[in-house]
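S.K.: what's the 3D shape of this:
(chains A and B)
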Amino acid sequence: MRLVLIPALAACTLLGQSITPDSGLADQAADQASGSADQERASDLNVNSRYTIESINFIDQREYKLSTSALEDIRRLIGAKVNSEALNLLTQRIRAELHAHEVTFKLTRGAAPEAVRVLIHVDRAAGAVDVSVPKLVYNSQLGFTGVAEVSSTLGSNALTFQMVRDSDSLIETMSGIQARYDRLSLAGGRIRLGFEFDAYEDQYNPSTLAAIEGAPRTSSLGAGLPAGLGAGAYGSRLNYEPSATFVLAGPLTLTVGLSFQQLSNLPSAARPESANAVISTLRYHQRWLGSGGNKQELDAGYSLRAATTLLGTNLAYTRHLAHARYSYARDAQSVELTVMAGAMYGQAPLFERFSLGNSAMLLGWNKYNLDPVGGNRLAYGSVTYGYHIMRVFYDAGSVWDPGKAPEARQSVGVGVSSGLGVLEKGAFLLALAFPLQDGHVTPVVIAGMNF
Amino acid sequence: MATTLICLGAGGLGLIAMTVSSQGLLPHQASGEIRVTAPSLHFLTGKSLSRLHDGAAVPFDFQLIISSGSKNNVVARSLERFMVSYDVWEEKFSVVRVRDFRKSGMRLSAASAESWCLDNLFVPATGLPADQPLWARLEIRTVEPKELLAADSGINLTTLIEIFSRPSRPQQDRWSVESAPFQLASLKP
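M.R.: So this is what the prediction gives:
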């Protein structure tokens, strides 16, 4: 059985206020307007209040984690007339949630006449330190996974430090740290520079070690195969990763960079081996909050990692991964579709190999039962229907190696997902997943937070 | 009708530290009221102008003071808050007198919006000494968004007096301009 927890998105209400004319001036009483028309006019002191809000976005294109109620406030404002007071209250609220120094808004012309776009600018210059738990998962088959994060922003400089123990997302179980520096705003916010350093200690499932030991020397498992026990399994991993992200057009971004990975404590090699790659990711992420109460989101991307001898790598390979996730929500109902496809060529280390059967993909299956060393081909799809806090999902996918026929795996599940007030930003999920297979079917309980 | 507070004595002036531009204020009299023009004064500038171009409504607090005998002897005062905004589609300014929002100027240039504010700020000439030198002084302050949120009950005369009685905050834009000494009888209509 598995347990997975997902944080709750919290709630408070937007208290819209409008400037009202003072009624305490006796000598102006005769001049004071009265009646509903005047009251209505009182909130129209901004000439732009006659325009309709077409969209609300962050200027810097960053993905800020806001409470569900803040997002709900944003949704309510879209499609309504501009209300300066409501926008001021929204920015104050975002400022409080993000611990920002200042949050302001800007109106620009919309695509349609009489419509405007609201762009929110977050200035985190105060250097406030945020402590959070971006991911917390317990899986009775895969073990505990947790990420604790400390982050701070000084002007346009963001520092993030994470302590990680992850037995879920990769074939290896990794424990270590991630430290990242980001220069957030260059060229008017269109370029972001970053540098990440990771250091992990790695452990392996016995089935993984057994599979590596049994793998032929010419296989594509990489990292010093085979030569003894655990060949291909490194004991520690260092990663140095400079990158630059370019905002190409609105929600479309391109990230390019280099990843210098050093794999140490290899039973098969006296010296560390390297997996140095050029990395690039093209990503489109857009939310649409319709005035009719519907909410749509599309997150799609393609990433390429190419380890080439030009970078002095011991392991040369290319890894392609494409994904798309679309969600639609209206009133109490929601639908989410996810597709993913990947392919890898050459001698890739274990951390690059694809796996399914974890807490995020092909729920209900055990990744070590599907393929203990992962595969270099991936196909996956998922559909989730939600009604209020209820969730029903269907997953299907396969990982395989070239020369072998892919075997489609399926699972279904039912659960609840909801916000918990005390957790503020995040969601909680409790689900029961069933791997669809012949013979005995063991349901898997999943409880998760923030993943 | 404008709000006017007659202060006999120096107490109402307050101790506001600000840069004073001397003799840039030109008073004139019309229909028994003293009004002013300030051709060289431009307050739709800098940070406030940026906020306006961003589509925000920016409030400006105005205080017109008339002194008699000496600059510290305030004999009349008028206070107003004007809400200025900038139409992001038409690229024109709009001004509303907050305590009487039926008074407004629409589709104005920056200079016209500034003039509109001064045109709607005046003190009655009634009761002012006709045989003593008078000074006019105009003070303008922006209102920070935080202050605006705190003032949930709107703006009133008491609030404006309090605002002008305390030093402005460093981040507040403020302007001050004075007239040369004049006599009521010599003012041109």
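
S.K.: separation between residue B:71 and chain A?
M.R.: Using CB to the nearest CB, to the nearest Å, residue B:71 is found at 27 Å from chain A. C-beta here means a position set from N, CA and C on the backbone, and glycine is covered the same way.

S.K.: does residue A:105 have beta-bridge partners, and which?
M.R.: The partner list for residue A:105 in beta bridges (DSSP bridges) reads residue A:120.

S.K.: now residue A:247
M.R.: In this structure, residue A:247 bridges to residue A:253 when assessed by DSSP bridges.

S.K.: contacts only, for the closest residue to residue A:170 other than its chain neighbours.
M.R.: Nearest residue to residue A:170, sequence neighbours excluded (CB to CB, 6 or more residues apart in numbering or on different chains): residue A:351, at 5.4 Å. Shown in contact with residue A:351 (CB atoms under 8 Å, 6 or more residues apart in numbering or on different chains): A:170, A:171, A:172, A:174, A:237, A:261.

S.K.: in the sheet, who's paired with the fourth one?
M.R.: Think residue A:174. For residue A:174, the beta-bridge partners under DSSP bridges are residue A:166, residue A:202.

S.K.: so it touches residue A:234, yeah?
M.R.: No. Residue A:174 is beyond contact range of residue A:234, at 10.4 Å (criterion: CB atoms under 8 Å).

S.K.: tell me how far residue B:33 lies from residue A:76.
M.R.: Counting by CB to CB, to the nearest Å, the gap from residue B:33 to residue A:76 is 46 Å.

S.K.: residue nearest the centroid of chain B?
M.R.: Central residue of chain B (CA atoms, centre = their mean): residue B:62, 2.5 Å from the mean position.

S.K.: and the residue of chain B found nearest chain A, how many neighbours?
M.R.: Chain A sits closest to residue B:55 of chain B, with a gap of 2.6 Å, by CB to the nearest CB. Around residue B:55 there are 27 other residues, counting by other CB atoms under 10 Å in any protein chain shown.

S.K.: and the pLDDT at it?
M.R.: Looking at residue B:55, its pLDDT is 93.

S.K.: pop the domain breakdown of chain A in here.
M.R.: Residue ranges for each domain of chain A read A:11-123, A:129-353+A:378-396, as given by automatic domain parsing.

S.K.: let's have the ones you listed in a markdown table, adding mean pLDDT and distance to residue B:78.
M.R.: Output for the domains of chain A, formatted as a markdown table (pLDDT from 0 to 100; distance: least, CB to CB, whole Å):
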| stretch | mean pLDDT | distance to residue B:78 |
| --- | --- | --- |
| domain A:11-123 | 70 | 12 |
| domain A:129-353+A:378-396 | 85 | 43 |
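
S.K.: what sits against the one residue in the stretch 101-250 of chain A that gets nearest to chain B?
M.R.: Among all residues of the stretch 101-250 of chain A, residue A:107 sits closest to chain B, at 2.6 Å; criterion: CB to the nearest CB. When contacts are counted by CB under 8 Å, 6+ apart, residue A:107 touches A:48, A:51, A:82, A:116, A:117, A:118, A:119, B:54, B:55, B:56, B:88.

S.K.: report the separation between it and residue A:74.
M.R.: 15 Å.

S.K.: quick one: closest of the domains of chain A to residue B:123.
M.R.: Distance to residue B:123, taken as CB to CB, is lowest for domain A:11-123 among those, at 13.4 Å.

S.K.: what's the burial count for residue B:114?
M.R.: Residues near residue B:114, counting by other CB under 10 Å: 24.

S.K.: can the longest helix along chain A be found next to chain B?
M.R.: Looking across chain A with DSSP state H, the single longest helix is helix A:84-98. Yes. Helix A:84-98 is in contact with chain B by CB under 8 Å from any CB of the partner chain, via A:84, A:85, A:88, A:89, A:92.

S.K.: now the element after the one helix or strand residue A:259 maps to, going C-ward?
M.R.: Residue A:259 belongs to strand A:252-264 when assigned by DSSP states H and E. Remark: after strand A:252-264, the chain's next helix or strand is strand A:273-289, criterion DSSP H and E.

S.K.: what packs against that next one?
M.R.: Where contact means 3 or more CB pairs under 8 Å, 6 or more residues apart in numbering or on different chains; DSSP states H and E, strand A:273-289 is packed against strand A:52-58, strand A:252-264, strand A:294-307, strand A:317-330.

S.K.: at 10 Å instead, please
M.R.: Packing partners of strand A:273-289 (3 or more CB pairs under 10 Å, 6 or more residues apart in numbering or on different chains; DSSP states H and E): strand A:52-58, helix A:68-77, strand A:236-249, strand A:252-264, strand A:294-307, strand A:317-330.

S.K.: export the ones you listed to JSON lines and tack on mean neighbour count?
M.R.: Below are those laid out as JSON lines (neighbours: other CB atoms under 10 Å in any protein chain shown):
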{"stretch": "strand A:52-58", "mean neighbour count": "19"}
{"stretch": "helix A:68-77", "mean neighbour count": "20"}
{"stretch": "strand A:236-249", "mean neighbour count": "16"}
{"stretch": "strand A:252-264", "mean neighbour count": "18"}
{"stretch": "strand A:294-307", "mean neighbour count": "17"}
{"stretch": "strand A:317-330", "mean neighbour count": "17"}
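
S.K.: out of the ones you listed, nearest to residue A:345?
M.R.: strand A:317-330 (5.2 Å).

S.K.: partners of the closest one in the sheet?
M.R.: Taking DSSP bridges as the criterion, strand A:317-330 forms sheet pairs with strand A:294-307 (antiparallel), strand A:333-346 (antiparallel).

S.K.: adding distance to residue A:386, write the ones you listed out as TSV.
M.R.: Compiled in TSV, the strands paired with strand A:317-330 are given as follows (distance: least, CB to CB, whole Å):
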stretch	distance to residue A:386
strand A:294-307	12
strand A:333-346	4
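
S.K.: these: which one's closest to residue B:74?
M.R.: Among these, the nearest to residue B:74 by CB to CB is strand A:294-307 (57.7 Å).

S.K.: quick revisit: among the residues of helix A:84-98 next to chain B, who's most crowded?
M.R.: residue A:84 (25 neighbours).

S.K.: if we ignore the residues flanking it in sequence, what's nearest that residue?
M.R.: Distances taken as CB to CB, 6+ apart put residue A:46 closest to residue A:84, at 4.5 Å, once the chain neighbours are dropped.

S.K.: again, but for residue A:273
M.R.: residue A:314 (4.2 Å).

S.K.: ok, residue B:51 next?
M.R.: residue B:58 (5.2 Å).
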